[in-house]
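> Sequence first, then the predicted structure, then my questions.
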Amino acid sequence: MKLLFLFGDAAVGKMTVGQELAKITDLRLLNVDKNHRFVSLPGEITFENYIKIDNSELPAKTVAKMIKERFNL
């Protein structure tokens, strides 16, 4: 089973990217938005299975493809 978390500031496109990922992978989307603030500082998270994407200028489909490729989904 694969588990993927998308987190970031409000209104940055997490749900939209999640919907695009669900379309191009076999992952299911579960929305648990509870208005938590999840923002990492540069270099704060050093796990191999972590990627930080600034999607403020990127379409959701592009971000979804980046995540799919990075994690072999």
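Thanks, I have the structure now. Numbers count the residues shown, from 1 in each chain.

> Which residues belonging to the helix or strand of the chain with the lowest mean pLDDT are considered buried?
Within the chain, no helix or strand scores below helix 14-24, which has a mean of 91 by mean pLDDT, DSSP states H and E. Buried residues in helix 14-24, counted by 16 or more other Cβ atoms under 10 Å: 14, 16, 17, 18, 20, 21. (Glycine included, C-beta is placed from N, CA and C.)

> how about the fifth one, what does it touch?
In this structure, residue 20 makes contact with 60, 61, 63, 64, judged by Cβ atoms under 8 Å, 6 or more residues apart in numbering.

> State the distance from residue 47 to residue 9.
Distance, residue 47 to residue 9, using Cβ to Cβ, to the nearest Å: 20 Å.

> Tell me which of those two has more neighbours.
When residue 47 and residue 9 are compared for neighbours, residue 9 comes out ahead with 10 against 6, by other Cβ atoms under 10 Å.

> For that one, what is the enclosing helix or strand?
In the assignment (DSSP states H and E), residue 9 maps to no helix and no strand.

> Nearest to residue 41 among the contacts of residue 20?
Among the contacts of residue 20, residue 63 lies closest to residue 41 (Cβ to Cβ), at 20.2 Å.

> So the closest one sits against residue 15, correct?
No. Assessed by Cβ atoms under 8 Å, residue 63 is found out of contact with residue 15, at 12.0 Å.

> Which PyMOL command selects the buried ones in the contacts of residue 20?
Buried residues within these, by 16+ other Cβ under 10 Å, are selected in PyMOL with:
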select buried, resi 60+63+64
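
> any chance of the contacts of residue 20 in a markdown table, plus distance to residue 30 and pLDDT?
Formatted as a markdown table, the contacts of residue 20 follow (distance: Cβ to Cβ, whole Å; pLDDT from 0 to 100):
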| residue | distance to residue 30 | pLDDT |
| --- | --- | --- |
| 60 | 17 | 93 |
| 61 | 20 | 95 |
| 63 | 18 | 94 |
| 64 | 16 | 94 |
